[in-house]
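Peer 1: from the sequence below, what's the structure:
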Amino acid sequence: MPVILAIESSCDETACAICRDGQILSNIIAGQAIHEQYGGVVPELASRAHLQNIVPVVDAALKKAAVGLPEVDAIAFTESPGLIGSLLVGSQFAKSLALSLNIPLLAVHHMQAHVLANLIPRPADPGKGGSQGVATAPMPSFPFLCLTVSGGHTQIVLCEAPLVMRVIGETLDDAAGEAFDKSAKLLGLPYPGGPLIDRHAQGGSPDRFPFPEPQIPGLNFSFSGLKTSILYFLQSHLAADPEFIRKNLPDICASIQHRIISILLNKLHRATRETGVRDLCLAGGVSANSGLRKAFYEAGRRHGWNTFIPPFEYCTDNAAMIAIAGHYKYLAREFSPMTVSASARAQW
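Peer 2: Have a look, this model is predicted:
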């Protein structure tokens, strides 16, 4: 029953989780509101905030899990990808802690951890426990496909085992999260804009303003053309009516969100036809988008897929996903040397 202490610091969340035998005992996250005034994450400010937050966050995770440091069997941390300064804070802390405790170190790929968030055990819906205790929610069977969507990545991953994954489709330019955030900026919405588009879209008509869907061969994505079409669309309508955005904000947001989601799910549908895989997962920060979650489940019912999405707290950047990845690495004895280095970019 290995106990893993996991640290996530790839961007602007400082997080620590404690995992025992694959069960998440605690998952503490400290955000950084300072970036809101700049309209995006400022790397130097993020690094400084990580330095301030990491000790209190680790302490809080240990206390919530009721685990002492002598009980920890290994330290997992995000090695890549991400902001290099932020990664260095987490990696150096993890290496120092592992060295002081004389326990193994587990370097984790951030996007692979997002995929494995779908394997975190969690309770099923209330009332399904029966006489045997609390039932766990169903999890995908191998092989499964995972659509990973975040601010910097959009990928379709074929996962054949916890540590055997292959990217079969990815974005050629912007990621889906960037498409949301850049569209929000064009609309004059504050940072972070993606969740605000989701919120406004709930009161709008997704068919009001049709935006084009790029025709990209294979399983790859492209969002730069969509972003450009949204820019020209807004410029044209604002020239005729300076109040156009204010008068039509819910419909504009719903139409933008509808097109981004259709691009994602149409490619995912193609991936199921090419691979024959029927267990499908979502992962990454954008999988917290309510419109995408609803459309994903509806597509699953329509096409006969088995669909899985982690709970909201495991979709955005968090240490629980690093912990479950570290758990499987520990079982496979995939330990990292103390010379391992953080990297802003990394090969899959």
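Peer 1: right, and residue 197 touches residue 189 too?
Peer 2: Yes. Assessed by C-beta atoms under 8 Å, residue 197 is found in contact with residue 189 at 7.0 Å. For the C-beta atoms, the positions are set from N, CA and C on the backbone; glycine is no exception.
Peer 1: let me see the confidence value for the most centrally placed residue in the chain.
Peer 2: Residue closest to the average C-alpha location in the chain (C-alpha atoms, centre = their mean): residue 284, at 1.8 Å. Residue 284 is assigned a predicted lDDT (pLDDT) of 93.
Peer 1: how about it: what's its closest non-neighbour residue?
Peer 2: Distance criterion C-beta to C-beta, 6 or more residues apart in numbering; nearest residue to residue 284, sequence neighbours excluded, is residue 150 at 3.7 Å.
Peer 1: show the contacting residues for that neighbour.
Peer 2: 111, 114, 175, 176, 177, 284, 285, 286 (C-beta atoms under 8 Å, 6 or more residues apart in numbering).
Peer 1: now, the residues you listed that are in helices?
Peer 2: 111, 114, 176, 177 (DSSP state H).
Peer 1: just the buried subset of these, please.
Peer 2: For the ones in helices among the contacts of residue 150, a burial check counting by 16 or more other C-beta atoms under 10 Å picks out 111, 114, 176, 177.
Peer 1: which single one of those is nearest to residue 209?
Peer 2: Distance to residue 209 across these (C-beta to C-beta) is lowest for residue 176, with 18.7 Å.
Peer 1: thought the closest one was touching residue 259?
Peer 2: No. Residue 176 is beyond contact range of residue 259, at 10.8 Å (criterion: C-beta under 8 Å).
Peer 1: using CSV, write out every CA atom in the helix or strand that contains residue 46.
Peer 2: Residue 46 belongs to helix 43-65 when assigned by DSSP states H and E. Extracted in CSV, the C-alpha atoms of helix 43-65 (Å, rounded to 0.1, in the frame of the first residue of the first chain):
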residue,chain,number,x,y,z
PRO,A,43,5.6,33.6,-15.2
GLU,A,44,7.9,35.5,-12.8
LEU,A,45,5.0,36.3,-10.4
ALA,A,46,3.8,32.7,-10.6
SER,A,47,7.2,31.4,-9.6
ARG,A,48,7.3,33.7,-6.6
ALA,A,49,3.8,32.7,-5.5
HIS,A,50,4.8,29.0,-5.7
LEU,A,51,7.8,29.7,-3.3
GLN,A,52,5.3,31.3,-0.9
ASN,A,53,2.7,28.6,-1.2
ILE,A,54,4.5,25.3,-1.5
VAL,A,55,5.3,24.6,2.2
PRO,A,56,1.9,25.6,3.6
VAL,A,57,0.1,23.5,0.8
VAL,A,58,2.2,20.4,1.5
ASP,A,59,1.7,20.8,5.3
ALA,A,60,-2.1,21.1,4.7
ALA,A,61,-2.2,18.1,2.5
LEU,A,62,-0.4,15.9,5.1
LYS,A,63,-2.6,17.1,7.9
LYS,A,64,-5.9,16.5,6.0
ALA,A,65,-4.7,13.0,5.0
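Peer 1: quick one: distance of it to the chain centre.
Peer 2: Remark: helix 43-65 is offset 20 Å from the chain centroid, using C-alpha atoms, centre = their mean, to the nearest Å.
Peer 1: name every strand pairing with the helix or strand that that helix is followed by and say which way it goes.
Peer 2: Note on helix 43-65: by DSSP H and E, the next helix or strand toward the C-terminus is strand 74-80. According to DSSP bridges, strand 74-80 forms sheet pairs with strand 3-8 (parallel), strand 105-109 (parallel).
Peer 1: so which of these is the most packed in?
Peer 2: strand 3-8 (a mean of 29; mean count of other C-beta atoms under 10 Å).
Peer 1: how many neighbours does residue 233 have?
Peer 2: The local packing of residue 233 (other C-beta atoms under 10 Å) involves 18 other residues.
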